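Colleague: Give me the fold of what follows.
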Amino acid sequence: MKKLMIPIMESNGENSIISDHFGRAPYFAVIEISDNNFKIITIVENVGEHFGGHGKAATLILEQKPDMLIVKGMGPRALQIFNDNGIGVLSTEASIVKEAIGSYLDNRLTNLVEPCEDSRHHP
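Modeller: Numbering: from 1, shown residues only. A predicted model of the protein is given here:
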């Protein structure tokens with residue numbers, strides 16, 4: 001079984017829109033994948049500094065202990081934190097969670113190797 005996380009704009013299950021930038025996502029979907037099937041097990045609210053809380057979104061993610069993240073973009077510090085902790089970061093162009101998971105299951109995602117140049121990235 002694999003545990004993945006995807007930054008999302010709202011809590012709408014597998015139809016949730018994927019956030020353009022990891023650290024500014026209001027929520028994160030926590031997904032379990034087993035035998036090419038997936039289920040969203042929980043939605044975690046981003047309580048990091050971008051949303052009036054304390055700390056970084058990366059710290060919140062590390063607490064969930066995912067195997068992999070699927071993102072559209074991520075800043076250099078967060079990408080380094082996940083690389084240092086052995087958490088894979090995959091890049092997607094999908095709009096919604098179920099499309100990204102489908103691409104993951106079909107092995108069509110690539111590793112995110114180039115971070116966004118600045119933390120305010122908006123494609």
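Colleague: Residue ranges in this structure under the pLDDT threshold?
Modeller: For the chain, applying pLDDT under 70 flags the ranges 48-55, 117-123.
Colleague: Please repeat the previous calculation with a cut-off of 90.
Modeller: By pLDDT under 90, the weakly predicted segments of the chain are 21-24, 36, 47-60, 75, 77, 113-123.
Colleague: Look up the closest residue to Thr42, ignoring the ones flanking it.
Modeller: Excluding its sequence neighbours, the residue lying closest to Thr42 (CB to CB, 6 or more residues apart in numbering) is Val30, at 4.7 Å. For glycine as for every other residue, the C-beta is placed from the backbone atoms N, C-alpha and C.
Colleague: List the buried residues in the helix or strand containing Thr59.
Modeller: For Thr59, the host element (DSSP states H and E) is helix 57-64. Of the residues in helix 57-64, those buried by neighbour count under the rule 16 or more other CB atoms under 10 Å are Ala57, Ala58, Leu60, Ile61.
Colleague: quick one: which of these is nearest to Leu4?
Modeller: Nearest to Leu4 out of the buried residues of helix 57-64 is Ile61 (CB to CB; 11.0 Å).
Colleague: how about the helices of the protein, start to end?
Modeller: 57-64, 76-84, 97-105 (DSSP state H).
Colleague: can you pull the buried residues of the last one?
Modeller: Neighbour-count burial for helix 97-105, counted by 16+ other CB under 10 Å, picks out Val97, Ala100, Ile101, Ser103, Tyr104.
Colleague: what does the second one give?
Modeller: Buried residues in helix 76-84, counting neighbours by 16+ other CB under 10 Å, are found at Ala78, Leu79, Ile81, Phe82.
Colleague: What residues does the third one make contact with?
Modeller: Put plainly, it is Ile81. Ile81 makes contact with Lys56, Ala58, Leu62, according to CB atoms under 8 Å, 6 or more residues apart in numbering.
Colleague: do the same with Pro7
Modeller: Ile18, Ser19, His21, Phe22, Ala25, Tyr27, Phe28, Asn46, Ala57, Val71, Lys72.
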